[in-house]
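# got a predicted model here, sequence first, then my questions.
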Amino acid sequence: MYTLELSLRYSPFPLSIQKKEYEDVLKIYHEIKDCIIDGESNKKVIELKCEKVKDKLIAVRATEVISVQIYEKSSIAGGAKRPGFNLE
């Protein structure tokens, strides 16, 4: 299971969805990245659907997204390995 996580402007909590296939999550990642780069995306709304939680839908204005990342949930470790740096 692959997780796509969005960080939003002025929000301390990220939004995330899960997809089964890497190609599916990579396609969404590139679409969002293109919206962030595009200067005329101020009226574009990105709608995301989660495969893990069937009724989970997210709609967010493209200009509010400040970062997007992909990571894989590992069943071997018994949970998700969070991306980023660990200071411990």
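Received, thanks. Residues are numbered from 1 along each chain as shown.
# next one: L8 from K54, what distance?
Relative to K54, L8 is positioned 23 Å away (Cβ to Cβ, to the nearest Å). Every residue, glycine included, has its C-beta placed from N, CA and C.
# and those two? Which one has more around it.
More neighbours sit around L8 than around the other of L8 and K54, counting by other Cβ atoms under 10 Å; the figures are 15 against 8.
# so that one touches T63, yeah?
No: at 10.1 Å, L8 does not count as touching T63 under the criterion of Cβ atoms under 8 Å.
# so where's the protein shaky on pLDDT?
Within the chain, the segments meeting pLDDT under 70 span 39-42, 74-88.
# could I get the full set of strands for it?
Remark: strands assigned in the chain by DSSP state E are 2-8, 15-19, 45-49, 57-61, 65-74, 79-80.
# columns distance to I36 on top of these, output as a markdown table?
Conversion of the strands of the chain to a markdown table gives the following (distance: least, Cβ to Cβ, whole Å):
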| stretch | distance to I36 |
| --- | --- |
| strand 2-8 | 10 |
| strand 15-19 | 14 |
| strand 45-49 | 10 |
| strand 57-61 | 11 |
| strand 65-74 | 6 |
| strand 79-80 | 24 |
